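*Asks:* Sequence below, structure please.
(one chain, ligands or ions: 1)
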Amino acid sequence: VSRLGPGAEFDLIRRLLDGASGHHPGVRVGPGDDAAIVIGENIAISTDMVVEDVHFRRSWLAPNEIGYHATAAALSDLAAMAARPIGVLASVAIGPGDETDFASDLMAGVIEAADAEAAILIGGDVTRSPGPLVLDIVVVGDARAPVLRSGAAAGDDVWVTGSLGAAAAAVTAWLQGREPPAAARAAFARPRPRTREALWLVERQLPTAMIDVSDGIAGDAAHLGAASGVRIVLQAAAVPVARESELALAVAGGQDYELCFTAAPGAVQRVAGEFSSRFGVPLTLVGSVEAGAGKAAGAVVVDATGEPMDLVAFQHWGRA
Ligand SMILES: [Mg+2]
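*Replies:* Okay, here's the model as predicted:
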C-alpha cells in the first residue's frame, strides 16, 4: 500500500488497509513500509489475475464479491499445495467511471476472503485504468509439508472434496440472461478454498499428489496425470455433481476450487466419514491411477462400461 496516491478515495483505502492489518506469526513487517517481510522456511507464493469481461462481468457481482472471488481463487492454489496462508497482496486497476467507494468495497472483499483463511493483507497497490477492471492477487503461505502435482503412482485412488459444477452453472445462467440459483451464485461469488481440509489430509499423510479444481476436474486431473507421468481414470458416474448443476459442467466447467488428490489405495476410505462430518462436505472416490508414461499420461473420463466420454462441450468462461 505504499504507492497510494493522494485523494479522498485513497485516503479511504488507506484507512481500510490500516484497519485490516492484523497480526500473523508469519509476518514480521506488514503493510505500511516499502515491502513486507514474511518468516518461514518453505514459503509458497502464487499469483492469480482477474480481468473484467474475461473472468467475470460487472453486472454479475458486487464490488466486494469481485474482491472476494479473486482472493479465494488465489488462496485455493495455496490449499492445493497444502500451504498454510500467511499474507495476501492485492493490486487493483479500477476503470473509468468507478465511484469513490468502488475500490474500498473491492478491498473489503479481499480482506474478508483473506481473513476467512487466517491470512492478512500485507500489501497492495491501487491505480486508475483507462480500461477494464484488473485485479491481481498474490498469496504467500507456509508450505512446510507441500504436496506437489507429481506424486501420483499407478494404483492410487483419486479423490475429490465437495461437489462440482455449481459455479459453472451460475456462469451458464448469466450468459443465458438468467439469474442463477442462489447456491450456484454463491459458489461463484464466494468460493471457499479448502485450506483446512488440505492441512487435515496432510496431517494424516494421505495425499500423494494434489491440485485445486479451477478448470474442471477433467482438465485438472490431466495436469496431475501429466506431472506424475500416469493416466488418471475418472468414473463419470462417481463425479459428485452439485444439485444445481449437471455432469458436463461438473467435469469440464470450472471455478469449483475443490481439491482433487491421489492417495494410496484404500487409505482414505477409513477417514472419509470423519472428513465429511468435520468439514460439512463429502469426500468422494472418483477414480484411479493407471500407469501411463509419455503420450498416455493425463486423464480420461469413462462411462460405466469403461468407454472414454467426450464432455468438453462446455466452453469455460475465462479460460485463457
Ligand atoms: Mg491451481
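
*Asks:* mind checking the longest helix of the chain?
*Replies:* Determined from DSSP state H, the single longest helix within the chain is helix 63-80.

*Asks:* So which bits of the chain are right by the ion?
*Replies:* The interface of the chain toward the ion, taken as CB under 5 Å from the ion, is made up of 77, 80, 212. Using the backbone N, CA and C atoms, a C-beta is placed for each residue, glycine as well.

*Asks:* can you give me the angle the helix or strand just after the longest helix of the chain makes with helix 63-80?
*Replies:* Downstream of helix 63-80, the next assigned helix or strand under DSSP states H and E is strand 84-94. Angle, strand 84-94 to helix 63-80, by axes from the mean of the first three to the mean of the last three CA atoms, to 10 degrees: 140 degrees.

*Asks:* Show me the strands in the stretch 101-250 of the chain, by range?
*Replies:* Ranges of strands in the stretch 101-250 of the chain, per DSSP state E, counting those that start in this stretch, are 120-128, 134-142, 157-161, 207-213, 230-235.

*Asks:* Adding mean neighbour count, write these out as CSV.
*Replies:* Output for the strands of the stretch 101-250 of the chain, formatted as CSV (neighbours: other CB atoms under 10 Å):
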stretch, mean neighbour count
strand 120-128, 20
strand 134-142, 23
strand 157-161, 25
strand 207-213, 26
strand 230-235, 24
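
*Asks:* ok, the closest residue to the ion within the stretch 101-250 of the chain - contacts?
*Replies:* Going by CB to the ion, the ion is nearest to residue 212 of the stretch 101-250 of the chain, at 4.3 Å. Contacts of residue 212 were listed using CB atoms under 8 Å, 6 or more residues apart in numbering, and they are 76-77, 79-80, 193-194, 220, 257-260.

*Asks:* likewise residue 130?
*Replies:* Neighbouring residues of residue 130 by CB under 8 Å, 6+ apart: 95-96.

*Asks:* Ok, residue 250 next?
*Replies:* Residue 250 sits next to 163-165, 168, 216-217, 239-242 when contact means CB under 8 Å, 6+ apart.

*Asks:* Need phi/psi at the closest residue to it other than its chain neighbours.
*Replies:* Nearest residue to residue 250, sequence neighbours excluded (CB to CB, 6 or more residues apart in numbering): residue 165, at 3.4 Å. Backbone torsions of residue 165, given as degrees, to the nearest 10, read phi 100, psi -10.

*Asks:* Now do the contacts for residue 165.
*Replies:* Here residue 165 is in contact with 241-242, 244-247, 249-251, 253, 256 (CB under 8 Å, 6+ apart).

*Asks:* repeat for residue 153
*Replies:* By CB under 8 Å, 6+ apart, the neighbours of residue 153 are 208, 228, 230, 262, 289.

*Asks:* Only the buried residues of stretch 36-45, if you could.
*Replies:* Residues of stretch 36-45 classed as buried: 36, 38, 40, 43-44 (neighbour count, 16 or more other CB atoms under 10 Å).
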